[in-house]
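**Q** This is the structure alone, sequence omitted:
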C-alpha cells in the first residue's frame, strides 16, 4: 500500500510539473516552467542534487551577478504532447557563462565560454523527444569571473537558426560601421594632426575590442583557449581600455583644464582605474563589482559637459547627448553586474545601439568643433586685419599732421622721419616675432612652412627698408625710376666720379623688381669698391629677347678676379639669381667686368 501511494504521488507530481510542447512552439521562455537550487559549495553531483528540494521560479530571467564558488541548478520536465518525434533547441540565453552542463538522462552535454567547438553565440542544446515522451532535464551553470545570468528559451530548429543568422548579421554590420568610422577618423587625424581625432580613434578602437570581448566573439571564434581564459580573467582591463580613451577624448574636447576640480578627478581616474583593473585580474584584489567605481565618473562627464556648455563650448551639448546613450548603458551594465536590474533582457542589442548612436553624435560634435575653431580663426584674422588697417590709418593721419607741422621746421621734419622709420621697423619686427611665436607653437608642417615663407618675405622687406627709403609714392614708380633711385643712393655714398647709364626696355613686376634691385645694389657697390680707382663708366641694361628677360651690368674697371673666399655680396647675388629668380648668371672679365643674368620670361608673373 505504501509503495502504491508513493508511486501515485510521483506520477502526479511529474504530471503537474511537466510542460507540454508541440511542433509550433518556438521562442518560448522556459524559466518560469523550471525549478531552481543553489549549490553554495559547487561540490554536489547530479546524484546529490536529485535529493535536494528545488524552488519554483516566477521570472523569465534571473541575474545573480558575480557569485564565484557557487553553482546554479535548474530542473525542467518537458513532455511531447504530439504523436510525432520533436526536435527542439534549448538556448541558455546568456552570452558568457563559463560552464553550462545539460544532464539529459544518461547523456551529458557541456558548453561554455571557453569551448571552441561551439558555432552559436550562446550555449545551445538539441533535445529530441519521442511521441508522448516526458523527460526531466537538469542544467548546471557556473561562473567565477563574469556575471551569472540564468535564462532559458525553447526554439524550433528553423526559427533558432534564422534568429542566430540575424544576430550575426547585426554584429557584422555593427563592426563594419565602426571599422569604417575608425579608418575615416584616423585619416582625418593624419591630415589635421588634431589630438581630438587621435583620442576619438583610440576610443573607437577600444569600443571594437570591448565589444569583441563583451559579445564573446573573441573567446569563441578568435582567441586560443588559453588567451580566452586570460581575457575573461582580465574583464576589468577590457573595461579600462574603454574608459581611458574616453577620459582623454572628453578632456581634450571639453578643455577641462578650465575646471580644475573636475580635471583633477578625471586625471585621478585616468591613472588609478588601470591600477584597480590590474589588481582585479582573476579577482585577485577586486572583482568585476569594482566596475561600480565608474558610476561617479558618469557624473564627472556630465558635469564637465554642462560646465563647458555654460562657458560657450556649443559642441558640449552634442557631447552630453552622445554620452547620455553610453553612460546610461554603462549604468545598466553596472546594475546588471551587481545583480540589481537587467535591461538587456527587455531590450536586445542595447549596448551596440547605444555605442552606434554615440559615435554618430560624436562625429557631428567633432566636425562642429573644427568648424567653430575655423570660424574663430577667420574672425581673429579679420580683426587683426582691421587693427592693422586702423593702425595704418592712424599712422597716416599722424604723418599728415606732422608733415604740415614740419613744413615750418626742417629739424622737426628730420625728427618725424626718424620716428616714422622707427615705428615702421618696430611694426615689422613685431610681425616677425608673432610669426616666430606661431611657428614655435604649431605642429603642422604645412602651416609651419607657410609661416616660414611669410617670415622670410617680411624679413626681406625689413632688410631693404633702409636702403630703398621706400615711401608710398615710390611704390608706383616704374623700373627705370626705381633703378635710378638705387644708383643715385649709392653714388651719394662714394666720391669716385663714375658715369652710369641706365637703359630699361621692359617692366618688371614688383616681386621681381625688388630682387633685381638688390642685385643691382650689390653689383654697383662692388664696382665702386673694387673696380675703380679714380673714375670709370658703367652701363645697366634691361630688355626682353624672345622668351627671356636679360639684365646686363658692365664696367670698364680693373676686371673681376675670382677668389677662394666667397664674399657675402656674391652669396646674396647667387642666392637671388638661382633661388628666387630661377635664372642663370654669366660673368665675363674682359676689359672690365660684364655680368649677364637671363631669366625665363614666364617667371615675370
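**A** Received it, and whenever you're ready, just let me know what you need. From a predicted model like this one, the values you see are computed outputs, not experimental measurements.
**Q** and residue 574, what does it touch?
**A** Contact analysis of residue 574 by Cβ atoms under 8 Å, 6 or more residues apart in numbering lists residue 585. To be clear about C-beta, it is placed using only N, CA and C from the backbone, and glycine gets the same treatment.
**Q** and it, what helix or strand is that in?
**A** Using DSSP states H and E, residue 574 maps to helix 568-575.
**Q** And residue 386, by the same measure?
**A** Take DSSP H and E as the rule and residue 386 turns out to sit in helix 350-406.
**Q** how far is the helix holding residue 574 from where the chain is centred?
**A** Distance of helix 568-575 from its chain centroid, counting by Cα atoms, centre = their mean, to the nearest Å, is 47 Å.
**Q** Summarise which helices and strands the following helix or strand past it is packed against.
**A** Going down the chain from helix 568-575, the next helix or strand is strand 584-588, by DSSP H and E. Here strand 584-588 touches strand 593-600, going by 3 or more Cβ pairs under 8 Å, 6 or more residues apart in numbering; DSSP states H and E.
**Q** The strand it packs on vs strand 584-588, what angle?
**A** Interaxial angle of strand 593-600 relative to strand 584-588 (axes from the mean of the first three to the mean of the last three Cα atoms, to 10 degrees): 160 degrees.
**Q** Can you name every helix or strand that strand 593-600 contacts?
**A** helix 510-526, strand 548-555, strand 584-588.
**Q** Go again with 6 Å.
**A** strand 548-555, strand 584-588 (3 or more Cβ pairs under 6 Å, 6 or more residues apart in numbering; DSSP states H and E).
**Q** Quick check: neighbours of that strand in the sheet, parallel or antiparallel?
**A** Sheet pairing of strand 593-600 (DSSP bridges) gives strand 548-555 (antiparallel), strand 584-588 (antiparallel).
**Q** Who are the contact partners of residue 33?
**A** Residue 33 is in contact with residue 19, counting by Cβ atoms under 6 Å, 6 or more residues apart in numbering.
**Q** quick revisit: pLDDT (mean, whole number) over the helix holding residue 386?
**A** Helix 350-406 shows a mean pLDDT of 79.
**Q** any idea which of the helices and strands packed on strand 593-600 is most buried?
**A** Mean neighbour count (mean count of other Cβ atoms under 10 Å) peaks for strand 548-555 among those, with a mean of 20.
**Q** Can you tell me what sits against whichever strand or helix holds residue 276?
**A** Here residue 276, judged by DSSP H and E, is contained in helix 260-279. For helix 260-279, the surrounding residues in contact (Cβ under 6 Å, 6+ apart) are 236-237, 240, 243, 247, 251, 256-257, 285-286, 290, 297, 300, 303-304.
**Q** how about 10 Å then?
**A** For helix 260-279, the surrounding residues in contact (Cβ atoms under 10 Å, 6 or more residues apart in numbering) are 234-241, 243-244, 246-248, 250-251, 254-257, 259, 284-286, 290-291, 293-294, 296-297, 299-301, 303-304, 307-308.
**Q** circling back: centre of the chain to the helix holding residue 386, how far?
**A** From the chain centre to the centre of helix 350-406 is a distance of 23 Å (Cα atoms, centre = their mean).
**Q** Offset the numbering so it begins at 655, please.
**A** Sounds good: first residue 655 from here, last item helix 1004-1060.
**Q** Give the helix, strand or coil label for residue 776.
**A** State at residue 776, reduced to three classes by DSSP: H, G, I helix; E, B strand; the rest coil: coil.
**Q** what's the burial count for it?
**A** Residue 776: 20 surrounding residues under other Cβ atoms under 10 Å.
**Q** Local confidence estimate at it?
**A** We have a pLDDT of 86 for residue 776.
**Q** ok, it touching residue 809?
**A** No. The pair residue 776 / residue 809 is not scored as a contact, 11.0 Å apart, by Cβ atoms under 10 Å.
**Q** which residues are common contacts for those two?
**A** Counting by Cβ under 10 Å, 6+ apart, the contacts common to residue 776 and residue 809 are 745, 818.
**Q** How far away from the center of its chain is the helix or strand hosting residue 818?
**A** Element membership for residue 818 (DSSP H and E) is helix 811-846. Relative to its chain's centre, helix 811-846 lies at 20 Å (Cα atoms, centre = their mean).
**Q** what's the average pLDDT for that helix?
**A** 89.
**Q** picking up where we left off before, for the strands paired with strand 1247-1254, give me JSON lines that also has distance to residue 843 and mean pLDDT.
**A** As requested, those are arranged in JSON lines below (distance: least, Cβ to Cβ, whole Å; pLDDT from 0 to 100):
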{"stretch": "strand 1202-1209", "distance to residue 843": "46", "mean pLDDT": "91"}
{"stretch": "strand 1238-1242", "distance to residue 843": "45", "mean pLDDT": "90"}
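**Q** where does the stretch 1155-1259 of the chain dip in pLDDT?
**A** For the stretch 1155-1259 of the chain, the stretches flagged by pLDDT under 70 are 1164, 1217-1219, 1222, 1256-1259.
**Q** whoops, I mixed them up, the stretch 805-954 of the chain
**A** The stretch 805-954 of the chain contains residues with pLDDT under 70 at 942-943.
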